[in-house]
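Visitor: mind folding the following:
(2 chains)
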Protein chains: 2
Amino acid sequence: MAEHAGVSAKTVSNVLHNHPYVSATTRETVEASIAALGYRANLSARALASKQTGFIALAIPGLDNPYYSELASHVMDAAAEHDWIVLIEQTRSSEAMEKAVVRGPASQLVDGIILQPDAIGDADLTDRFAHQNLVLIGEAAATASADHVTADSTAAAREVVEHLLEQGRTRIATVGIRPSNRANAGELRYRGYYQALERAGLGVRTEYLAPAERTRRPDGAAAADHLMSLPEPPDAIVCFNDLLASGVLARLRERGVAVPDDVAIAGFDDNEESRFTAPPLTSVAWDLEALGRRCVELLRARTGRTDGDHPPVRTVVGHRLVVRESTAGRG
Amino acid sequence: MAEHAGVSAKTVSNVLHNHPYVSATTRETVEASIAALGYRANLSARALASKQTGFIALAIPGLDNPYYSELASHVMDAAAEHDWIVLIEQTRSSEAMEKAVVRGPASQLVDGIILQPDAIGDADLTDRFAHQNLVLIGEAAATASADHVTADSTAAAREVVEHLLEQGRTRIATVGIRPSNRANAGELRYRGYYQALERAGLGVRTEYLAPAERTRRPDGAAAADHLMSLPEPPDAIVCFNDLLASGVLARLRERGVAVPDDVAIAGFDDNEESRFTAPPLTSVAWDLEALGRRCVELLRARTGRTDGDHPPVRTVVGHRLVVRESTAGRG
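Guide: Numbering: from 1, shown residues only, chains lettered A, B, ... in the order given. Next up, the predicted model:
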């Protein structure tokens, strides 16, 4: 193509990558050659030759949760620095979709995969049909044989409960946080909740562990009804995420329950919305920018590498408790 | 590959598309052949042969607005029915990004593009370097020479203002809705606002047209401060979207302004959040499922077609006003 356009290969590359220091005339010339020669065919041929596709996949439960859409933004930003285009796949936490991500035909189109494995386990992630360049996210370490970027849900939950205890709360309930036979985020947060209560000399009251079918606002509203109908309602509610907490806040308002005077509310994820709820919501903020960047770095480090085995890496990104009016009052 | 595995081509296709009626043994056999032959190379070769890539692009300002993440979900669902994988590109409404989407190297990787053109105009969308299979979304019809799927922002805004007039409001302000020299959504909604006020014999008061630098919650909070500091504050505020309205609600609460008793609030987009704000928010719901499906249908109709010119199609999807407590009270 450079020959066709009468320019250097470097100039063609500059045009393709939209570098600002290419003159308008040169750009026109090169673009005309691209059109004439059919650059699409060249890209496919390049994929054949290099065995790299220029794509990575990000497989998450769904973009309709602000946690995942924000994470996707950070992954796209980090990927762009490595000239990778991100394919987003919504798994809805289904086993079939998660399997398809790691071993279906689309997995053959990408140089690497970032996956939150909610439903599948070690066997599906490590067999010979699974993609070899895999980074797992989420609190559940489904296998020890792939890179894993996570956060410390147990420590974060402990900090939330310790904060509520400091505020004088003793009847601390949860929504979507409970023991499980899978090491998922709800289970890991339950451990922190349990530890903080034990240290304070308070036991776990099982009637205070409200289930949530999904982790959306309507599920939070339903759980609030359940908890406030107990003979001895809680004086604090820790929600698995801010979406559930938003539903709890709305339902308590409808029921005439004052937050935080009657019941304190806390969530996880620190969605932007949580600064604007009535009252503003105490929440755990994760370092999603670091999480996204680290996932892409790990994929890049393994791409095209053939110099032997490298042990899987586990990275824990930071978090902080953001205290707002829903637990601390107007102060 | 079918020959290698000793099965029919149809069976290979069934395995690749995860059809449920393939036996486990057959699946294993075919998958082993896929691994042996290197199906990635085959996919690239197929792209070379068919001139189709199996990808479409969805280019939107950003996934951090629930309107776009919900739309993206619908586009992905519709695309999957046509065996298309969706690449999501975040433009941040920047001219450079929007240009790159329609004519940059990544545009050569997709069979079609769904784009909301916030910054670029007719020239960039129709020149010979632009992708030929383009569907535009959003209220701004940047060119008449591409398919366009939109909604009727002017009618929707008129309905919102008529509803507020029926509630007895007369000092109706706006945030992010104002005249513009571009035919964007803010301009089209301003027309509906203007029409409804004119019909009611009320004029537009320019001090009630609060600007918003972006269309996010913090911008809504700032605009609320501005409007409530006027000598004669409004008794209703129509916000360009629900994110702005969420910021307005939060700031009015901080200022001790009662909603809707002192000021009624309405938004556009009917985000899920808006059923859970305090109070729940009156908003305009668009038929995003129809919008996403229609975009994919239009791309499909033009893909691979060489039988002459087809005039561009314009589709308007439906909307409805969802009245909640923020304008109508608990009554």
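Visitor: pLDDT wise, what is A:Ala140 at?
Guide: Reading off the confidence values, A:Ala140 has pLDDT 72.
Visitor: that one: how many residues sit nearby?
Guide: 23 (other CB atoms under 10 Å in any protein chain shown). C-beta: built from backbone N, CA, C; applies to glycine.
Visitor: and if you look at A:Gly304?
Guide: What A:Gly304 shows, counting by other CB under 10 Å, is a neighbour count of 10.
Visitor: can you tell me which helix or strand it belongs to?
Guide: Using DSSP states H and E, A:Gly304 sits in no helix or strand.
Visitor: let me see the confidence value for it.
Guide: 70.
Visitor: now A:Lys99
Guide: Per the predicted model, pLDDT is 89 at A:Lys99.
Visitor: that one against A:Ile120, yeah?
Guide: Yes - shown here, A:Lys99 and A:Ile120 form a contact pair, counting by CB atoms under 8 Å, at 5.9 Å.
Visitor: more neighbours, these two?
Guide: The neighbour count for A:Lys99 versus A:Ile120, taken as other CB under 10 Å, is higher for A:Ile120 (23 against 20).
Visitor: let me see the contact set for that one.
Guide: A:Ile120 is in contact with A:Glu95, A:Glu98, A:Lys99, A:Val102, A:Ala142, counting by CB atoms under 8 Å, 6 or more residues apart in numbering or on different chains.
Visitor: might you specify the subset of these located within helices?
Guide: A:Glu95, A:Glu98, A:Lys99, A:Val102 (DSSP state H).
Visitor: skip the chain neighbours and tell me the closest residue to the first one.
Guide: Just to be clear, that refers to A:Glu95. A:Ala119 (4.0 Å; CB to CB, 6 or more residues apart in numbering or on different chains).
Visitor: try the second one
Guide: By the measure of CB to CB, 6+ apart, the closest residue to A:Glu98 outside its immediate chain neighbours is A:Ile120, 4.5 Å from it.
Visitor: the one you found sits in which helix or strand?
Guide: Short version, using DSSP H and E: A:Ile120 is in no helix or strand.
Visitor: from A:Gly104, how far out is it?
Guide: 12 Å (CB to CB, to the nearest Å).
Visitor: burial of A:Ala236, as a residue count?
Guide: A:Ala236 has 25 nearby residues by other CB under 10 Å.
Visitor: wait, isn't it in contact with A:Val259?
Guide: No - taking CB under 8 Å as the definition, A:Ala236 is not a contact partner of A:Val259, at 10.0 Å.
Visitor: contacting residues around stretch A:203-213?
Guide: A:171-179, A:190, A:193-194, A:197, A:219-220, A:222-223, A:226-227, A:230, A:234, A:240, A:244.
Visitor: now, which of those lie within strands?
Guide: A:Ile172, A:Ala173, A:Thr174, A:Val175 (DSSP state E).
Visitor: what's the closest non-adjacent residue to the third one?
Guide: Which is A:Thr174. The nearest residue in space to A:Thr174 (CB to CB, 6+ apart) is A:Val238, at 4.9 Å.
Visitor: what touches both of A:Ala236 and A:Val259?
Guide: A:Ile265.
Visitor: tell me the secondary structure for A:Val296?
Guide: helix (DSSP: H, G, I helix; E, B strand; the rest coil).
Visitor: how close does it sit to A:Ser107?
Guide: 18 Å.
Visitor: could you pull out the strands in chain A for me?
Guide: With DSSP E, the ranges of strands along chain A come out as A:55-60, A:85-90, A:112-115, A:134-137, A:147-151, A:172-175, A:209-210, A:236-239, A:264-268, A:282-286, A:314-317, A:319-322.
Visitor: so which of those is nearest B:Ala80?
Guide: Closest approach to B:Ala80 among those is made by strand A:85-90 (9.7 Å; CB to CB).
Visitor: which elements pack onto that closest one?
Guide: Applying 3 or more CB pairs under 8 Å, 6 or more residues apart in numbering or on different chains; DSSP states H and E, one finds that strand A:85-90 makes contact with strand A:55-60, helix A:66-81, helix A:95-103, helix B:66-81, strand B:85-90.
Visitor: hmm, who's touching the first one?
Guide: Contacts made with strand A:55-60 from outside it, assessed by CB under 8 Å, 6+ apart, are listed as A:68, A:71-72, A:75, A:79, A:84-91, A:97-98, A:101, A:106-107, A:109-116, A:296, A:299.
Visitor: now do the fourth one
Guide: Contact partners of helix B:66-81, identified using CB under 8 Å, 6+ apart, comprise A:62-64, A:66, A:69, A:88, A:90, B:56, B:58, B:60-63, B:85-86, B:88, B:114, B:137, B:241-243, B:269, B:271-273, B:288-289, B:291-293, B:295-297.
Visitor: hmm, back to that, tell me who's in contact with the residue nearest to A:Glu95.
Guide: Counting by CB under 8 Å, 6+ apart, the residues that A:Ala119 touches are A:Thr91, A:Ser93, A:Ser94, A:Glu95, A:Glu98.
Visitor: let's see 7 Å
Guide: If you count contacts by CB atoms under 7 Å, 6 or more residues apart in numbering or on different chains, A:Ala119 has them with A:Ser93, A:Ser94, A:Glu95, A:Glu98.
Visitor: over to A:Arg169?
Guide: So A:Arg169 contacts A:Asp235, A:Ala236, A:Ala264 (CB under 7 Å, 6+ apart).
Visitor: what sits against A:Pro218?
Guide: Applying CB under 7 Å, 6+ apart to A:Pro218 gives the contacts A:Gly247.
Visitor: how about A:Val248?
Guide: Contacts of A:Val248 by CB under 7 Å, 6+ apart are A:Val175, A:Gly220, A:Ala221, A:Ala223, A:Ala224, A:Ile237, A:Cys239, A:Ile265.
Visitor: which among those end up buried?
Guide: A:Val175, A:Gly220, A:Ala221, A:Ala223, A:Ala224, A:Ile237, A:Cys239, A:Ile265 (16 or more other CB atoms under 10 Å in any protein chain shown).
Visitor: can you list the residues you listed in a markdown table and add pLDDT and distance to chain B?
Guide: Formatted as a markdown table, the buried ones among the contacts of A:Val248 follow (pLDDT from 0 to 100; distance: CB to the nearest CB, whole Å):
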| residue | pLDDT | distance to chain B |
| --- | --- | --- |
| A:Val175 | 98 | 14 |
| A:Gly220 | 98 | 8 |
| A:Ala221 | 98 | 8 |
| A:Ala223 | 98 | 13 |
| A:Ala224 | 98 | 11 |
| A:Ile237 | 98 | 15 |
| A:Cys239 | 98 | 13 |
| A:Ile265 | 98 | 13 |
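Visitor: relative to B:Asp64, how far out is A:Met76?
Guide: From A:Met76 to B:Asp64 the distance is 11 Å (CB to CB).
Visitor: looking at the two now, which is surrounded by more residues?
Guide: A:Met76 (22 against 18).
Visitor: domains of chain A?
Guide: Domain assignment for chain A by automatic domain parsing gives A:2-50, A:55-151+A:287-318, A:153-286+A:321-328.
Visitor: for B:Ala278, which of those domains is the nearest?
Guide: For B:Ala278, the closest of the domains of chain A is domain A:153-286+A:321-328, at 3.6 Å, according to CB to CB.
Visitor: tell me how far that closest one lies from the chain's centre.
Guide: Distance of domain A:153-286+A:321-328 from its chain centroid, counting by CA atoms, centre = their mean, to the nearest Å, is 20 Å.
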